[in-house]
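[1] fold the following and give me the result.
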Amino acid sequence: DQPSVQADGSLLFDGVSDFLKSASFTLNQPETIYFLGRQVTWTNTDHVLDGDAAASGAIRQNNSSPEVVINAGSGTAANTNWILNTYAVICVVFNGASSLCQVNNTAPTTGNANTNNMSGFTMGARGDGTLFGNIQAKESIIYATAHDAQTRARVIRYLALVGGVTL
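    Next comes the predicted model:
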């Protein structure tokens, strides 16, 4: 099941069975992921993205809306700045105890996401093809390094401009 392409070129994942998954490839921590999109609906534990296997580099909905956490073996860095049904730029750095989750240009939340390596990329579901997210994705960028605050700010500004997100 694949997401539908919208008039603006974005991909709409239905939250029931749609997801995209790459073949496995080498992607080891530290990793920086940028995601330009929105959460259409919110369900505890549904996933926006993940690595090749479950909890190998996930952004998932957690507890109550609009909280998201990141997970590379341990859920952490709870962030409530991504408002439901609103486009935003999400930046995640998976770097063991120095991991973080940032929404737009707000202060990042930090924590120990653990040390699982993504080893691939899954969008719209957990890496094992379950826990589907009802999301709309415009763009995602993956870097095999941990970006500092200055680099994150530049990429977030670029994606906000491309996606029409007000920072």
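
[2] wasn't residue 162 part of a helix?
    Yes. Under DSSP: H, G, I helix; E, B strand; the rest coil, residue 162 sits within a helix.

[3] quick one: pLDDT of it?
    At residue 162, the pLDDT value in this model is 94.

[4] what degree of burial does it show, as a neighbour count?
    Neighbour count for residue 162, taken as other CB atoms under 10 Å: 12. Just so you know, the C-beta spots here come from the backbone N, C-alpha and C atoms, and that holds for glycine as well.

[5] so it sits against residue 140, correct?
    No. In this structure, residue 162 is not within contact of residue 140 by CB atoms under 8 Å, at 11.9 Å.

[6] quickly list what's touching both of the two.
    Contact criterion CB atoms under 8 Å, 6 or more residues apart in numbering; residues bridging residue 162 and residue 140 by contacting each: residue 36.

[7] what about the helices in this protein?
    With helices called from DSSP state H, the chain shows them at 149-163.

[8] show me the beta-bridge partners of the closest residue in space to residue 155 that isn't next to it in sequence.
    In space, residue 155 comes closest to residue 34 once its chain neighbours are excluded; the distance is 5.6 Å by CB to CB, 6 or more residues apart in numbering. Under the criterion DSSP bridges, residue 34 forms beta bridges with residue 91, residue 141.

[9] could you report the distance from residue 34 to residue 63?
    24 Å (CB to CB, to the nearest Å).

[10] how many other residues sit next to the residue nearest to residue 155?
    By other CB under 10 Å, the residues close to residue 34 number 20.

[11] quick one, what contacts it?
    By CB under 8 Å, 6+ apart, the contact set of residue 34 is 89, 90, 91, 139, 140, 141, 142, 155, 156, 159.

[12] pLDDT wise, what is it at?
    With respect to pLDDT, residue 34 has a value of 98.
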